[in-house]
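Asks: Take this sequence and fold it.
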Amino acid sequence: MKTQFDYVDENYRRIINNVNEAKERYGRSGDSIQVMAVTKTVDADIVNHAISSCGISLLGENRVQEYLSKKDAYLPAAVHFIGGLQTNKVKYIIDSVDMIQSVDSLKLASEINRHAGRIGKIQDVLVEVNIGGEESKGGVSPEELSELIYAMAELPNIKVQGLMTIPPPHDPEKFLGRMQELYIDISEKRIDNINMSFLSMGMSGDYELAVKYGSNILRIGSALFGARIYR
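Replies: Residues are numbered from 1 along each chain as shown. Modelled structure (predicted):
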């Protein structure tokens, strides 16, 4: 009888095969694309299996309290915070996350900068873009992106490393294409203290399309671990 560990192994092999096929199909065979395991509601032992058996080296955390309850149980892996982050919660994660992907305001960026400075750290971040203009999602509007990035470039203890988005479920290809255009546009500006090293987009339902439009971090949860059990 198959265990949940067996299903994770099978799912991971399927994901990697799909990613490799997409890279070949869209002319990205030589590109490095990271598969992030999104761990919301997933027990630490299952996450650790993905690390030890599948070779997952990047975890995505959505909720501060859940992350704090599990982080000491995890095997070694890089951790990115990808969920909405309140300014008063920054202090709880600043010393243990490798990147914060969900920065969408100068207020939040300034608080990250303050706490990073307090512990002598330069915190890598991505700027989250609300590419579909959805009220239910975080992210800076495309029209305000450049202004925010120029302001963040002045903060000494954060380093912008790229962009992140969650496109609307309807017509995702249109919005993924728009994000690629924004990413290229910001890259070409060559702003001091701004690197466009990462374009984080693509989740369980659209990660192959995201490969087409230049993503190099795919945030995959349910396709790897199965349907979430919310608690």
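Asks: show me where this structure has strands.
Replies: Taking DSSP state E to define them, one finds strands in the chain at 34-38, 58-61, 78-81, 99-103, 123-129, 158-165, 194-200, 217-220.
Asks: the longest helix in this protein is where?
Replies: Using DSSP state H to define each element, the chain has its longest helix at helix 4-25.
Asks: chain center to that one, what's the gap?
Replies: Offset of helix 4-25 from its chain centre (Cα atoms, centre = their mean, to the nearest Å): 19 Å.
Asks: and that helix, C-alpha only, in CSV?
Replies: C-alpha atoms of helix 4-25 as CSV (Å, rounded to 0.1, in the frame of the first residue of the first chain):
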residue,chain,number,x,y,z
GLN,A,4,2.0,9.7,1.4
PHE,A,5,5.8,9.6,1.0
ASP,A,6,5.4,7.4,-2.1
TYR,A,7,2.9,9.9,-3.6
VAL,A,8,5.3,12.8,-2.9
ASP,A,9,8.1,10.9,-4.7
GLU,A,10,5.8,10.2,-7.7
ASN,A,11,4.5,13.7,-7.8
TYR,A,12,8.0,15.2,-7.7
ARG,A,13,9.2,13.0,-10.6
ARG,A,14,6.2,14.1,-12.6
ILE,A,15,6.8,17.8,-11.9
ILE,A,16,10.5,17.6,-12.8
ASN,A,17,9.6,15.7,-16.0
ASN,A,18,7.0,18.4,-16.9
VAL,A,19,9.4,21.2,-16.2
ASN,A,20,12.1,19.6,-18.3
GLU,A,21,9.7,19.1,-21.2
ALA,A,22,8.6,22.7,-20.8
LYS,A,23,12.2,23.9,-20.9
GLU,A,24,12.8,22.0,-24.1
ARG,A,25,9.5,23.1,-25.6
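Asks: Run through the neighbouring helices and strands of it.
Replies: strand 34-38, helix 44-49, helix 207-212, helix 222-225 (3 or more Cβ pairs under 8 Å, 6 or more residues apart in numbering; DSSP states H and E). Using the backbone N, CA and C atoms, a C-beta is placed for each residue, glycine as well.
Asks: quick one: contacts of the second one?
Replies: When you say that, I think you mean helix 44-49. Here helix 44-49 makes contact (Cβ atoms under 8 Å, 6 or more residues apart in numbering) with 4, 5, 8, 37, 39, 59, 70, 73, 74, 75, 225.
Asks: could you redo the last one with a cut-off of 6 Å?
Replies: With Cβ atoms under 6 Å, 6 or more residues apart in numbering as the contact definition, helix 44-49 has outside contacts at 5, 8, 39, 70, 73, 75.
Asks: got the buried residues for it?
Replies: Buried residues in helix 44-49, defined by neighbour count with 16 or more other Cβ atoms under 10 Å: 46, 47, 48, 49.
Asks: what's the spacing between the third one and residue 95?
Replies: I take that to be residue 48. 21 Å (Cβ to Cβ, to the nearest Å).
Asks: The last one now?
Replies: When Cβ to Cβ is the yardstick, residue 49 and residue 95 sit 26 Å from each other.
Asks: quick one on the thing from earlier: with the buried residues of helix 44-49 in mind, which one is nearest to residue 110?
Replies: residue 47 (31.7 Å; Cβ to Cβ).
Asks: So for residue 191, what's the nearest residue that isn't a sequence neighbour?
Replies: residue 153 (5.4 Å; Cβ to Cβ, 6 or more residues apart in numbering).
Asks: Can you give me the distance of that neighbour to residue 116?
Replies: Counting by Cβ to Cβ, the gap from residue 153 to residue 116 is 15 Å.
Asks: So if I had to pick from these two, which one is more boxed in?
Replies: Just comparing residue 153 and residue 116: by other Cβ atoms under 10 Å the higher neighbour count belongs to residue 116, 23 against 14.
Asks: Noted, bye for now.
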